[in-house]
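> Okay, structure incoming, though there's no sequence with it:
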C-alpha cells in the first residue's frame, strides 16, 4: 500500500505523475495523455489513471508541463470586444471545450484595433501558448507574419477562407447580407437601406452581399446606405433610423448590420408613429437576446456564434494533438428567422 510519505516526492510535497502512472500500471506518457483528455488513450486506461490520480490526490503541475513543452498550458483567444454579446457567447463555448483538457483561456480584447491585436499577439507568443484562436482575417501584415512564423497552432473564427494552411470556422458574411436583401425584395420592398455601425470587416462584408443583390435587381441606391464608425448600440439604432427617415422618408426596407441597431430602430419607430412593417420593414443580424421579444418581433439572420466557438476550439485541439485535418474551413452557415418586423 502506498504510504503518505512515499506519495510526496515532489519538492512541493505533492504526489507526482510518475506515481500516478505506476499505480495505474501505465507509462508516464500514457498517464499524462489520459489526464489531458487526448483521444489517443483508450477509455479503460483513462479510467484507471483517473482513479489513481484521485486516490493519490494528484494535482497537475502546469508549470512543469509548460517547461517540458516550451509552451504554456493555455490557449490565447483574441476577440474584438468583450461588451458585444456575440463574442461573449463564443467565449463561453470555447471555455466549455477547453476546460476538460485543463487548458486556460488567455482572453485578449483587441478593441477592433490592428495595433492592439499585434501587441497582444507579440505578448502571447513571447511565452507561447499551446494554441491560438483569433477573430477574422483583417490584421496587419506584421501581425499575420508573427502567426505564420510561429509553430503555435491557430484557428480563425467568424469568417472563411480557402487559403492553404489556414484553418477557420465561421460563415459567409456576404451571403448573409445577400439573404437579407432577397428577403426584403420578396416582401415587396423597393427602396432598401443598409445601416451599419462599428464598420469592422464582417459588417462591411454583409453590406457587400446586400448591395450586390440590390444591384442585380436594379434597386441599388447609394443614398440609402448609412455608415458610422461609432460602436453599435440600441441608442445609436434609434438615432440612425430618425436620421434616415428624415432624409429619405420613402425608404420601405432596412437591413441593420446588428440586432442592437435594429432593436433601437424599432423603439424609435414607435415613438415616431412609424408602422413596422406596414410603412417600413426591418431586418437585423445575429438574433441576439431580445430579438424575439421586441414589438414587433424582429426578423433577423441567426448566426451560430456559440457553435463557432465550440467547433473552433475542437479544431484547435485536433491541431494541437497532431491529427490530420480533413476539412480546414468549416462553414456553419446562418439562418433567416422570419418574425413580424419584415
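Looks like it came in fine. Note that the structure is a prediction, hence the values are computed from the model and not measured.

> give me phi/psi at the residue nearest the centre of the chain?
The geometric centre of the chain, computed from its C-alpha atoms, lies nearest to residue 90 (Cα atoms, centre = their mean), at 4.5 Å. Torsion angles at residue 90 (phi, psi; degrees, to the nearest 10) stand at phi -70, psi -40.

> Please list all residues in contact with it.
79, 157, 305, 306, 308, 309 (Cβ atoms under 8 Å, 6 or more residues apart in numbering). In short, each C-beta sits where N, CA and C put it, glycine included.

> One more: residue 33?
Taking Cβ under 8 Å, 6+ apart as the criterion, residue 33 is in contact with 40, 41.

> any idea how far residue 183 is from it?
To residue 183, residue 33 is 49 Å away according to Cβ to Cβ, to the nearest Å.

> cool, residue 35 as well?
From residue 35 over to residue 183 the distance is 50 Å, taken as Cβ to Cβ.

> Tell me, how many residues neighbour the residue nearest to residue 120 when sequence neighbours are not counted?
Excluding the flanking residues, the one nearest residue 120 by Cβ to Cβ, 6 or more residues apart in numbering is residue 108, at 3.9 Å. By the measure other Cβ atoms under 10 Å, the count of residues near residue 108 is 23.

> Now do the helix or strand where residue 108 lies: distance to the chain's middle.
Assigned by DSSP states H and E, residue 108 belongs to strand 104-109. Centroid separation for strand 104-109 versus its chain: 13 Å, with Cα atoms, centre = their mean, to the nearest Å.

> which other helices and strands contact it?
Contacts defined by 3 or more Cβ pairs under 8 Å, 6 or more residues apart in numbering; DSSP states H and E place strand 104-109 against strand 74-79, helix 85-98, helix 114-126.

> Parallel or antiparallel, which strands does it pair with?
Paired with strand 104-109 in the same sheet, following DSSP bridges, are strand 74-79 (parallel).

> any residues touching the strand it pairs with, and which ones?
Residues from elsewhere that reach strand 74-79 (Cβ under 8 Å, 6+ apart): 87, 90-91, 94, 98, 103-110, 117, 120-121, 124, 129-135, 313, 316.

> Is it possible to mark the buried ones in those?
Buried members of the contacts of strand 74-79, scored by 16 or more other Cβ atoms under 10 Å, are 87, 90-91, 94, 98, 103-110, 117, 120-121, 124, 129-135, 313, 316.

> mind putting the helices and strands packed on strand 104-109 in TSV, mean pLDDT and distance to residue 326 included?
As requested, these are exported to TSV (pLDDT from 0 to 100; distance: least, Cβ to Cβ, whole Å):
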stretch	mean pLDDT	distance to residue 326
strand 74-79	95	22
helix 85-98	93	19
helix 114-126	92	28
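
> nearest to residue 282, of those?
When the helices and strands packed on strand 104-109 are compared for distance to residue 282 using Cβ to Cβ, the nearest one is helix 85-98, at 19.1 Å.

> chain center to that closest one, what's the gap?
7 Å.

> Same check on stretch 166-181?
13 Å.

> same thing with stretch 108-121?
Its chain's average C-alpha position is 15 Å from that of stretch 108-121, according to Cα atoms, centre = their mean.

> And that stretch, end to end?
9 Å (Cα to Cα, to the nearest Å).

> could you pull out the helices for the stretch 201-342 of the chain?
Here the stretch 201-342 of the chain has its helices, by DSSP state H, counting those that start in this stretch, at 201-216, 234-247, 259-272, 305-320.

> tilt between the first one and helix 85-98?
Relative orientation of helix 201-216 and helix 85-98, computed by axes from the mean of the first three to the mean of the last three Cα atoms, to 10 degrees: 120 degrees.

> How about the third one?
Regarding helix 259-272 and helix 85-98, their directions subtend 150 degrees when assessed with the same axes, to 10 degrees.

> re the thing from before, please produce a markdown table containing the helices and strands packed on strand 104-109, extended by distance to residue 275.
Formatted as a markdown table, those follow (distance: least, Cβ to Cβ, whole Å):
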| stretch | distance to residue 275 |
| --- | --- |
| strand 74-79 | 38 |
| helix 85-98 | 29 |
| helix 114-126 | 43 |
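
> For residue 246, find the nearest of these.
helix 85-98 (29.8 Å).

> Okay, and the beta partners of residue 157?
residue 135, residue 169.

> thought it was touching residue 136?
Yes: using Cβ atoms under 8 Å, residue 157 makes contact with residue 136 at a distance of 7.4 Å.

> more crowded one of the two?
residue 157 (25 against 22).

> Quick one: neighbours of the nearest residue to residue 221 once chain neighbours are set aside, just the number.
Once flanking residues are discounted, residue 221 sits nearest to residue 191: 6.6 Å by Cβ to Cβ, 6+ apart. Using other Cβ under 10 Å, residue 191 has 18 neighbouring residues.

> got it, and residue 50?
By the criterion of other Cβ under 10 Å, residue 50 has 16 neighbours.
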